[in-house]
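Engineer: Make a model of this:
(chains A and B)
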Amino acid sequence: MAKMTLESLRKLRVEQKEAIERRDTGDKSIHIIVGMGTCGIAAGAKEALNVFLGEAYTRKMTNVVVKQTGCMGLCHAEPTVEVKMDGMPDTLYGKVDADVAKKIVEQHLLGGKLVNEHVFDYPARDIHKE
Amino acid sequence: MHASLADILSDLVQNSIEAGATFVQVELTEEDSQVFFRIQDNGCGMDEETLRRAEDPFWSDGKKHPGRRVGLGIPFLRQTAEQCEGQVEIHSVLGKGTEVKAQWPQNHLDAPPLGDIVLLWVLCLTFEGGYGMNIRRTRQGGQGTSQSYAIDRVEVSEALGGLDDAGALGLLREYITSLEEEIG
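Structural biologist: From the prediction side, this is the model:
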């Protein structure tokens, strides 16, 4: 890959935004929040995050917002990922490795079906903030 | 312990953000088979007593997670440096900020691999909040000459019109990959 400059980055972003506007995906954004506390990092949360970024980018899912957060209080089930989108319940997934992340994209985000075997409940209230 | 140097760094940078820093300077240098990094922030800082206790894995200030008794970020760093005969220095002033410096021989048997540096910078740049960040990465090439690049969070954020959606982050990843290849 040739070295990119800030100018070429700016240009690519403008092109990308024009393509998004042409496709008119509406404003139904999907939020993917990955727990990146010490526990999440140690359990490999960055591999999951990398898959979400890569899948959303290559599939041109322009309405996807990928965010990091700290520990969500489910250290035993790391890496944990919360998915929020219209038409689906807010879902907390646990033990999300690269394969499970891919499955979440295909099954939950695109297929509208929960990945049941990885759904975890919220932890005790003293840790989880409403 | 963390599996790679990138994991250690992203954990420490997250500390800076959580300490309320509005500016974080991050440096990563590979030179003469040594790896060196430095993180300097203008966050809330720690007094001497707090800094001493932060080294204890069975201590946490309890603010983030009430009732929790462990805090592993700094101990993981210390453990990694010690196992490969490296060094860690932490300076902190309450109300002013914190500086963490570490160095170890990269070719030591127990030194962790660098990990995914591109993803590391993406992570560091995309924590929530309006903080500024400057990343400086230097690497010594085959002929002994050093090459480096710098990334400024305000500049890339402006070029991409924000660092929120997957489209912007995908482009950011490509941009950093190209910088990293250039010095590789």
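Engineer: Please count neighbours and contacts with C-alpha atoms only from this point.
Structural biologist: Noted.
Engineer: For the longest helix anywhere in chain B, give the mean pLDDT please.
Structural biologist: Assignment by DSSP state H gives helix B:166-183 as the longest helix of chain B. Averaged across helix B:166-183, the pLDDT comes to 93.
Engineer: mind checking how far it is from the chain centre?
Structural biologist: Chain-centre distance of helix B:166-183: 18 Å, with CA atoms, centre = their mean, to the nearest Å.
Engineer: contacts for that helix?
Structural biologist: The contact list for helix B:166-183, computed with CA atoms under 8 Å, 6 or more residues apart in numbering or on different chains, reads A:1-5, A:9, A:12-13, A:16, A:53-54, A:56-57, A:60-66, B:118-119, B:121-122, B:138-139, B:141, B:147-149, B:156, B:160-163.
Engineer: Helices of the chain, residue ranges please.
Structural biologist: This is for chain A. With DSSP H as the criterion, chain A has helices at A:6-23, A:38-43, A:45-58, A:98-103.
Engineer: hmm, I had chain B in mind actually
Structural biologist: Assigned by DSSP H, the helices in chain B fall at B:5-18, B:48-54, B:73-83, B:117-125, B:153-160, B:166-183.
Engineer: Up against chain A, what does chain B have?
Structural biologist: Contact residues, chain B versus chain A (CA under 8 Å from any CA of the partner chain): B:1-3, B:7, B:11, B:65-66, B:72-73, B:119, B:123, B:126-128, B:155-156, B:159-160, B:164-172, B:175, B:178-179, B:181-182.
Engineer: Could I get the contacting residues of B:P112?
Structural biologist: Contacts were defined as CA under 8 Å, 6+ apart; by that measure B:P112 touches B:3-5, B:80, B:106.
Engineer: Can you tell me which of these has the most neighbours?
Structural biologist: B:T80 (25 neighbours; other CA atoms under 10 Å in any protein chain shown).
Engineer: Can you report how many residues neighbour B:L109?
Structural biologist: If we define neighbours as other CA under 10 Å, then B:L109 has 9 of them.
Engineer: which one is it nearest to, not counting chain neighbours?
Structural biologist: Nearest residue to B:L109 in three dimensions, chain neighbours excluded: B:C84, at 7.2 Å (CA to CA, 6 or more residues apart in numbering or on different chains).
Engineer: quick one: that neighbour from chain A, how far?
Structural biologist: Relative to chain A, B:C84 is positioned 19 Å away (CA to the nearest CA, to the nearest Å).
Engineer: Could you count how many residues lie near the closest residue to B:T98 other than its chain neighbours?
Structural biologist: Spatial nearest neighbour of B:T98, chain neighbours left out: B:S92 (4.2 Å); criterion: CA to CA, 6+ apart. Each residue near B:S92 was counted by other CA under 10 Å, and the total is 21.
Engineer: unless I'm mixing things up, B:S92 is touching B:K101, no?
Structural biologist: No - taking CA atoms under 8 Å as the definition, B:S92 is not a contact partner of B:K101, at 11.5 Å.
Engineer: For chain B, tell me whether stretch A:61-71 is touching it.
Structural biologist: Yes - interface with chain B: stretch A:61-71 contributes A:61-69 (CA under 8 Å from any CA).
Engineer: Now intersect the residues you listed with the strands, please.
Structural biologist: Among these, the residues falling in strands (DSSP state E) are A:64-69.
Engineer: any chance of the residues you listed in JSON lines, with pLDDT and neighbour count too?
Structural biologist: Putting those into JSON lines (pLDDT from 0 to 100; neighbours: other CA atoms under 10 Å in any protein chain shown) gives the following:
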{"residue": "A:V64", "pLDDT": "90", "neighbour count": "22"}
{"residue": "A:V65", "pLDDT": "89", "neighbour count": "22"}
{"residue": "A:V66", "pLDDT": "90", "neighbour count": "23"}
{"residue": "A:K67", "pLDDT": "88", "neighbour count": "23"}
{"residue": "A:Q68", "pLDDT": "89", "neighbour count": "21"}
{"residue": "A:T69", "pLDDT": "88", "neighbour count": "16"}
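Engineer: Just give me the closest of these to B:R53.
Structural biologist: Nearest to B:R53, judged by CA to CA, of these is A:T69 at 24.4 Å.
Engineer: That closest one contacts A:C39, doesn't it?
Structural biologist: No - in this structure, A:T69 is not within contact of A:C39 by CA under 8 Å, at 11.8 Å.
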